[in-house]
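Novice: Quick one: sequence plus predicted model below, questions after.
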Amino acid sequence: MSNSIPIPAEKEDIAVCTAIAGEMLGLKLIYLEAGSGANTTVPPEMISRVKENIKIPLIVGGGIKTPERAKIIRNSGADIVVVGNAIEKSKGLIREIADAIHSK
């Protein structure tokens, strides 16, 4: 809708610089989004690199379809994990994802 060009998954440096710039401009959070119903998620390496370089909350969404993937996203540094399409297809999935994210 915005006609913006997504940051390529392998360009972690661009994501880091963009997040830092957003924080410096006064944003209160950063949202890394792979896209609604995406086939792949934001790469864990990109999440980790962004989180290491900002002090504000990091939200990550898009393409998260399993509890295992949600846990990887959370463990990579996401403060909030957003799921949508996947739980519309399986109502019990939200509990499974919550349990996975909060397990050690």
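Specialist: Noted; the coordinates are in hand. Residues are numbered from 1 along each chain as shown.
Novice: Do I have it right that M46 meets D13?
Specialist: No. Contact criterion Cβ atoms under 8 Å: M46 and D13 do not qualify, at 9.6 Å. For the C-beta atoms, the positions are set from N, CA and C on the backbone; glycine is no exception.
Novice: In terms of neighbours, single out the busier of those two.
Specialist: Ranked by neighbour count (other Cβ atoms under 10 Å), M46 and D13 place M46 first, with 26 against 11.
Novice: which other helices and strands contact the lowest-mean-pLDDT helix or strand in the chain?
Specialist: Every helix and strand of the chain was ranked by mean pLDDT, DSSP states H and E. The lowest is helix 85-89, at a mean of 82. If you count contacts as 3 or more Cβ pairs under 8 Å, 6 or more residues apart in numbering; DSSP states H and E, helix 85-89 packs onto helix 93-102.
Novice: Please save the CA atoms from the helix it packs on in PDB.
Specialist: C-alpha atoms of helix 93-102 as PDB (Å, rounded to 0.1, in the frame of the first residue of the first chain):
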ATOM      1  CA  LEU A  93      -2.300 -22.300  17.900                       C
ATOM      2  CA  ILE A  94      -2.300 -19.100  20.000                       C
ATOM      3  CA  ARG A  95      -2.000 -21.100  23.200                       C
ATOM      4  CA  GLU A  96       0.700 -23.300  21.700                       C
ATOM      5  CA  ILE A  97       2.600 -20.200  20.600                       C
ATOM      6  CA  ALA A  98       2.200 -18.500  24.000                       C
ATOM      7  CA  ASP A  99       3.400 -21.600  25.800                       C
ATOM      8  CA  ALA A 100       6.500 -21.900  23.500                       C
ATOM      9  CA  ILE A 101       7.400 -18.200  23.900                       C
ATOM     10  CA  HIS A 102       7.200 -18.300  27.600                       C
END
